[in-house]
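>>> Could you look at this predicted model? Sequence included:
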Amino acid sequence: NPPAYRDNGNGTVSDLNTRLMWSKAVDKKKVSLREAEKTAENLTLGGYSDWRVPNIKELYSLIDFRGYTGFGRKGLHGEAPANAIPFINTDCFDFRYGDTNDGERYIDAQWLSRTRYVSTTMDGAETLFGVNFADGRIKGYGYKRHGRIMKRFYARYVRGKPYGKNQFVNNNDGTITDQTTGLM
């Protein structure tokens, strides 16, 4: 089905296909997963208080594949090129590129999900899946190593019946984790 959204006029956007409701705005400040979960727990937006951090399939459902990373004179380190098009519908959702004034690349526009990678990456870093709406990638981002937060993300919040099933098997011990609920 082609994407179909309704701006509810109260800071929320409804996805008419998945029946999920999303927060429209994006905060300039990037957050850790724990900070995003705490924000979601306390969020009252559009008259609702049952907000949560999305799983990766929910977040991925927002990708608009008509996006374009663009080309600029300074490569990925300058401001977003004039020909760049975000990989999310900016008529419905607010969007931010990475803050180049803070040393980021413009493509450092990763949104977090609550879906964790079942093992570690990059020198033992705990990893979660995210979506980069600046370049259209979905990938695992190392966010915490030895208890220290390494990476923060933009956050968009969702409410409604969880969309997609995310069951992962740990190849080391056979443990099955349902990332839709977070239960083992």
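Arrived safely, thanks for sending. Everything quoted here is computed from the prediction, not taken from an experiment. Residues are numbered from 1 along each chain as shown.

>>> Which stretches in the protein count as strands?
Read by DSSP state E, the chain holds these strands, from start to end of the chain: 5-7, 12-15, 21-23, 110-121, 125-132, 137-145, 148-149, 158-159, 167-169, 176-178.

>>> And the pLDDT at the residue sitting nearest the centre point of the chain?
Centroid check for the chain by Cα atoms, centre = their mean gives Trp111 as the closest residue, at 2.7 Å. Looking at Trp111, its pLDDT is 96.

>>> picking that back up, wait, which of the strands of the chain is closest to Lys57?
Across the strands of the chain, Lys57 has its closest neighbour in strand 110-121 (7.9 Å, Cβ to Cβ). Bear in mind the C-beta positions are built from the backbone N, C-alpha and C, glycine included.

>>> counting contacts, what elements does the longest helix anywhere in the chain pack onto?
In the chain, assigned by DSSP state H, the helix with the most residues is helix 33-42. For helix 33-42, the packing partners by 3 or more Cβ pairs under 8 Å, 6 or more residues apart in numbering; DSSP states H and E come out as strand 110-121.

>>> what are the C-alpha coordinates of stretch 61-81, in CSV please?
What follows is stretch 61-81, C-alpha atoms only, in CSV (Å, rounded to 0.1, in the frame of the first residue of the first chain):
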residue,chain,number,x,y,z
SER,A,61,7.6,1.7,8.0
LEU,A,62,8.1,5.5,7.8
ILE,A,63,10.9,5.3,5.2
ASP,A,64,10.1,7.2,2.0
PHE,A,65,12.3,5.6,-0.6
ARG,A,66,12.1,8.7,-2.9
GLY,A,67,14.7,10.3,-0.7
TYR,A,68,18.1,11.3,-2.0
THR,A,69,21.3,11.8,0.1
GLY,A,70,22.5,14.5,-2.3
PHE,A,71,26.0,15.7,-3.3
GLY,A,72,27.7,18.7,-1.9
ARG,A,73,31.1,20.3,-2.4
LYS,A,74,32.2,19.4,1.1
GLY,A,75,31.1,15.8,0.9
LEU,A,76,29.3,14.6,4.0
HIS,A,77,30.9,17.1,6.3
GLY,A,78,29.2,20.3,5.2
GLU,A,79,25.6,21.4,5.4
ALA,A,80,23.0,19.2,3.6
PRO,A,81,23.3,19.8,-0.1
